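Trainee: Quick one: sequence plus predicted model below, questions after.
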Amino acid sequence: MKLAILGCGYVGLELCRQLADHDVTGVRRSESGLADVEATGARAVRADVTDPESLAAVPDVDVVVFAASSGGRGADAARAVFVDGLRTAIDHFAAREDPPERLVYTSSTGVYGDHGGDWVDEETDLDPTTEKTRVLAEAERVAREEATERGIDGTVVRFAGLYGPERYRLERYVEGPVTEGYLNMIHREDAAGVLRFVVEERPPDDLLLAVDDEPVSKWALADWLADECGVERPEKRTKEERLEAGDLSEAARRRVLTSKRCSNARLRERGYAFAYPTYREGYRAAVESYRETGDADTAT
């Protein structure tokens with residue numbers, strides 16, 4: 001199978017490694033990232049989803065995985081990549097003499113908005129609460145509807161919070177203070193694993209929620225990590241206490257107030273087996289590194 005990963009970054013590089021038996025092209029918009037792609041054994045191509053002419057450098061493929069990032073910037077930057085860039089990519093590949101059969105778009109559970117701590121799944125109505133998450137919801141529609149209209153089957157994989165090597169953020173939880181709320185997470189290896197599963201197994205869905213087995217409260221995670229690392233449990237803050245500090249942007253304030261628990265029942269029913277089913281397995285490497293070095297910042 002021939003694949004192109006547009007936006008071959010944190011998850012995309014791991015996906016390249018997991019798809020080593022296939023013909024994979026990893027696409028980055030900067031020259032500096034191409035060596036990382038080549039190190040996985042994949043072909044590296046420099047192109048930008050916002051520049052249709054640059055996409056001509058990407059070879060014909062069977063599947064396009066759209067995992068581009070807006071670089072953590074605001075809603076306008078997100079729209080330029082996730083909506084306009086996605087449309088550009090769809091238009092470009094659909095117009096080829098040998099277009100891809102499928103598009104897999106990576107989204108975020110941020111599109112759900114606040115559900116007061118209740119469970120959400122693929123059937124739950126969306127209620128994005130920020131401009132950026134509204135952009136992500138629009139991009140999902142583009143991937144599922146507009147790609148299909150152009151003859152490319154579109155699938156959305158909606159990721160919970162990513163963590164793993166270089167993104168454990170251990171210091172946030174063992175040093176504190178920690179604000180209450182639920183965490184819905186997925187380890188990088190499983191995030192890529194779900195994409196691999198979708199590509200290889202072709203489950204009969206145009207939407208899958210990618211999250212591990214156990215949503216966890218931030219307070220419970222912080223206490224577990226502290227106990228495992230052999231340090232004192234960190235200071236806790238309620239949401240009200242965090243909001244009273246008065247130093248949050250409106251977007252950050254909405255994130256504090258947003259609460260939900262994400263279900264992976266459909267993904268499990270389809271047959272995906274997690275490498276790290278909960279945070280306990282997923283944080284083990286970071287805990288061991290901390291116990292060796294005593295440095296949360298360098299725990300990997």
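Mentor: On my side now, so go ahead. Residues are numbered from 1 along each chain as shown.
Trainee: Number of residues surrounding Ala39?
Mentor: Residues near Ala39, counting by other Cβ atoms under 10 Å, number 12. For the C-beta atoms, the positions are set from N, CA and C on the backbone; glycine is no exception.
Trainee: Look up how far Asp51 lies from Gly41.
Mentor: From Gly41 over to Asp51 the distance is 26 Å, taken as Cβ to Cβ, to the nearest Å.
Trainee: same question, Thr133
Mentor: As defined by Cβ to Cβ, Thr133 lies at a distance of 26 Å from Asp51.
Trainee: who's more crowded, the two?
Mentor: Neighbours per residue, other Cβ under 10 Å: of Thr133 and Asp51, the larger number sits with Thr133, 25 against 13.
Trainee: Can you name the residues in contact with the helix or strand encompassing the more buried one?
Mentor: Here Thr133 is covered by helix 131-141, with elements defined by DSSP states H and E. With contacts defined as Cβ atoms under 8 Å, 6 or more residues apart in numbering, helix 131-141 is touched by 74-75, 78-79, 82-83, 86, 105, 107-108, 110-111, 113, 126, 128, 156, 158, 207, 251.
Trainee: Break down the stretch 201-300 of the chain into its helices, ranges please.
Mentor: According to DSSP state H, counting those that start in this stretch, the stretch 201-300 of the chain carries its helices in the segments 218-229, 239-244, 250-257, 265-270, 279-282, 284-293.
Trainee: Nearest to Asp60 among the ones you listed would be which one?
Mentor: Minimum separation from Asp60 across the helices of the stretch 201-300 of the chain (Cβ to Cβ) falls at helix 265-270, 28.4 Å.
Trainee: Pull up the distance across stretch 174-185, start to finish.
Mentor: With Cα to Cα, to the nearest Å as the measure, stretch 174-185 spans 18 Å from end to end.
Trainee: what does stretch 168-184 give?
Mentor: The straight-line separation of the ends of stretch 168-184 (Cα to Cα) is 14 Å.
Trainee: Can you give the distance of that stretch from its chain's centre?
Mentor: Its chain's average C-alpha position is 19 Å from that of stretch 168-184, according to Cα atoms, centre = their mean, to the nearest Å.
Trainee: With stretch 80-90 instead?
Mentor: Between the mean C-alpha point of stretch 80-90 and the mean C-alpha point of its chain there is a distance of 17 Å (Cα atoms, centre = their mean).
Trainee: what does stretch 200-220 give?
Mentor: Taking Cα atoms, centre = their mean, the mean C-alpha location of stretch 200-220 is offset from the chain mean by 11 Å.
Trainee: With stretch 48-68 instead?
Mentor: That offset, for stretch 48-68, works out to 19 Å (Cα atoms, centre = their mean).
Trainee: sorry, back to before: drop anything exposed from the contacts of helix 131-141.
Mentor: With burial judged by 16 or more other Cβ atoms under 10 Å, the buried subset of those is 75, 78-79, 82-83, 86, 105, 107-108, 110-111, 113, 126, 128, 156, 158, 207.
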